[in-house]
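**Student:** Could you look at this predicted model? Sequence included:
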Amino acid sequence: MSKALYKVAAMAMLACSAALPAYAQLSAERGAITIDSDKLEVFDNKNQAIFTGQVDAIQDDARLRADKLDVLFENTGVDDNAGAQLGSSWGDVKTIIATGNVYYVTPKQVAKAERANYDVSNDQVTMSGNVVVTQGKNVIRGDKLILEISTGRAVFDATRSNGKTPGRVRAAFFPTKKADETTKEEQE
């Protein structure tokens, strides 16, 4: 794999894999996740929690922000009779859908899109709608990014959800100076 392709895949993988990996992890550190929002609506019979209004999910040094975060949980099969605790039939996270002004921020990267969908069973994150991933000065743009978490395979696409291709995937990579090159320039 060429260095440029490796850099694209690595940047995309780092930008998204920590955003929504299995068991709803935002960070490789796997600490506690806190979610703040203006409103939380719970549909216990659907195993669903919807956070709306300036949603801010933080885990360690990773942050996911969106207008809305829809979290769907597996059903554990526990009978959810009257008097049972709220969420008692909920298991692991099945799907997380972030919509509206989606930002995933780590100390090294920022990924921005209109929507992000993490499907745990397919181990796949799909970001769509004007996707921009930046790392320092490096930038990749496309309308859709599909990331397979377990393999690290990332595919940027310019095709919109309506099937039309508005443009092309664009990437700009800027070289970094090596320490010995900087020293040589300073000596001259």
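**Tutor:** Cool, got the structure. Everything numeric here is computed off the predicted structure, so don't read it as measured data.
**Student:** Can you report how many residues lie near residue 46?
**Tutor:** Residue 46 has 11 neighbours, counted by other CB atoms under 10 Å. For every residue, glycine as well, the C-beta is placed using N, CA and C.
**Student:** So which elements touch the lengthiest strand in the chain?
**Tutor:** If you go by DSSP state E, the chain has its longest strand at strand 90-105. Packing partners of strand 90-105 (3 or more CB pairs under 8 Å, 6 or more residues apart in numbering; DSSP states H and E): strand 62-75, strand 110-119.
**Student:** Parallel or antiparallel, which strands does that strand pair with?
**Tutor:** Strand 90-105 has the following strand partners under DSSP bridges: strand 62-75 (antiparallel), strand 110-119 (antiparallel).
**Student:** which stretches of the protein form helices?
**Tutor:** In the chain, the segments counted as helices under DSSP state H are 3-17, 179-187.
**Student:** which of those helices has the lowest average pLDDT?
**Tutor:** With a mean of 36, helix 3-17 has the lowest mean pLDDT of the helices of the chain.
**Student:** Please identify the most buried of the helices and strands packed on strand 90-105.
**Tutor:** Mean neighbours per residue, mean count of other CB atoms under 10 Å, is largest over those for strand 110-119, with a mean of 21.
**Student:** Send me that strand as CSV with only the CA atoms.
**Tutor:** Extracted C-alpha coordinates of strand 110-119, given in CSV (Å, rounded to 0.1, in the frame of the first residue of the first chain):
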residue,chain,number,x,y,z
VAL,A,110,-11.6,16.0,13.6
ALA,A,111,-14.3,14.3,11.5
LYS,A,112,-17.3,16.3,10.4
ALA,A,113,-20.5,15.1,8.6
GLU,A,114,-24.3,15.6,8.5
ARG,A,115,-24.9,12.0,9.8
ALA,A,116,-23.1,9.1,11.3
ASN,A,117,-24.5,5.6,11.7
TYR,A,118,-22.7,2.9,13.7
ASP,A,119,-24.1,-0.6,13.1
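**Student:** Contacts for it next, please.
**Tutor:** Residues outside strand 110-119 that contact it (CB atoms under 8 Å, 6 or more residues apart in numbering) are 15-16, 19-21, 66, 95-104, 124-134, 145.
**Student:** try 7 Å this time
**Tutor:** Strand 110-119 has contacts (CB atoms under 7 Å, 6 or more residues apart in numbering) with 15-16, 19-20, 95-100, 102-104, 125-134.
**Student:** What subset of the residues you listed is buried?
**Tutor:** 15-16, 19-20, 95-99, 102-104, 125-129, 131-134 (16 or more other CB atoms under 10 Å).
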